[in-house]
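Student: Build me a structure from this.
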Amino acid sequence: MAIGDVHGCASLLEQELTPHLDTGAELIFPGDLIDRSPEADGDRRVLERVWQLQENPGAYGLAAVTVLRGNHEQMLLKAMAPRAPDEDVELWLCNGANPDLLPLARERQAWFEQLPYTAIRGRYLFVHAGVRPDIRLEHQATDDLIWIRRPFVSRPHGLPYTVVHGHTFRHDFKVTRLPHRIGIDTGAYLSGVLTCLALNPDSE
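Tutor: Okay, the predicted model is just below:
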């Protein structure tokens, strides 16, 4: 079960989660849990809910909860770094950050630092932004995995997976379904639509 970029939409997340609790599913978040929240304290509420589920998935009838690193988590990490350059702090703030999140983020900094860039489940490769076409997965630059748009969104990537990603949403806020990629960011903080997509990793 893949859930698109949440961006602090705590109420939408709860609404989408409820039907999938006690189903034995694995939840995969492809990053950008935070920033641009349309709700008061939304970032904190989203993080605390995800941590609660991830720390004891079985208690909620889930197989596992996997969270990948998005560009917003990366910007937060850079802003939290000791003696962070002003431009790193400003980049995070101008991308919808809430500085009130910093004390909580510093408490859980180790969690943010261990966030992986990719997850593979059967024929699906989960990643925040995408991949650079015609480059093997092990040679992909981490900046591309969390930031890329073109040429990834404009042509097939050549890897033996269907890439499931967030980061880039369509103007009509619909899911993009192509043989080589599935885009599940539906612009929740703007559209009010958070996508939760059921996938069968063993299907052909």
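
Student: I figured Leu62 hits Leu53, correct?
Tutor: Yes. Leu62 is within contact range of Leu53, at 6.5 Å (criterion: C-beta atoms under 8 Å). All C-beta atoms are positioned from the backbone trio N, CA, C, and that covers glycine.

Student: Now Arg170: closest residue in space, sequence neighbours ignored.
Tutor: The shortest distance from Arg170 to any non-neighbouring residue, by C-beta to C-beta, 6 or more residues apart in numbering, is to Thr176 (6.2 Å).

Student: what sits against that neighbour?
Tutor: Arg170, Ile182, Gly183 (C-beta atoms under 8 Å, 6 or more residues apart in numbering).

Student: Identify the bridge partners of the last one.
Tutor: Under DSSP bridges, the beta-bridge partners of Gly183 are His165, Thr176.

Student: Neighbours of it, how many?
Tutor: The tally of other residues near Gly183 (other C-beta atoms under 10 Å) stands at 23.

Student: follow-up on the earlier one: intersection of neighbour lists for Leu62 and Leu53?
Tutor: By C-beta under 8 Å, 6+ apart, the residues touching both Leu62 and Leu53 are Leu27.

Student: rewinding a little: possible to save the contacts of Thr176 as JSON lines with pLDDT and distance to Met75?
Tutor: Below are the contacts of Thr176 laid out as JSON lines (pLDDT from 0 to 100; distance: C-beta to C-beta, whole Å):
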{"residue": "Arg170", "pLDDT": "97", "distance to Met75": "23"}
{"residue": "Ile182", "pLDDT": "98", "distance to Met75": "25"}
{"residue": "Gly183", "pLDDT": "98", "distance to Met75": "21"}
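
Student: nearest to Ala81, of those residues?
Tutor: Checking the contacts of Thr176 against Ala81 by C-beta to C-beta gives Gly183 as the nearest, at 30.5 Å.

Student: Would you map the strands across this protein?
Tutor: Along the chain, the segments classed as strands by DSSP state E run 2-3, 26-29, 64-67, 118-121, 124-127, 162-165, 176-177, 181-183, 196-197.

Student: Next one: the residue nearest to the spatial centre of the chain relative to Asn71, how far apart?
Tutor: Closest to where the C-alpha atoms of the chain average out (C-alpha atoms, centre = their mean) is Gly31, at 1.8 Å. Separation of Gly31 from Asn71 (C-beta to C-beta, to the nearest Å): 7 Å.
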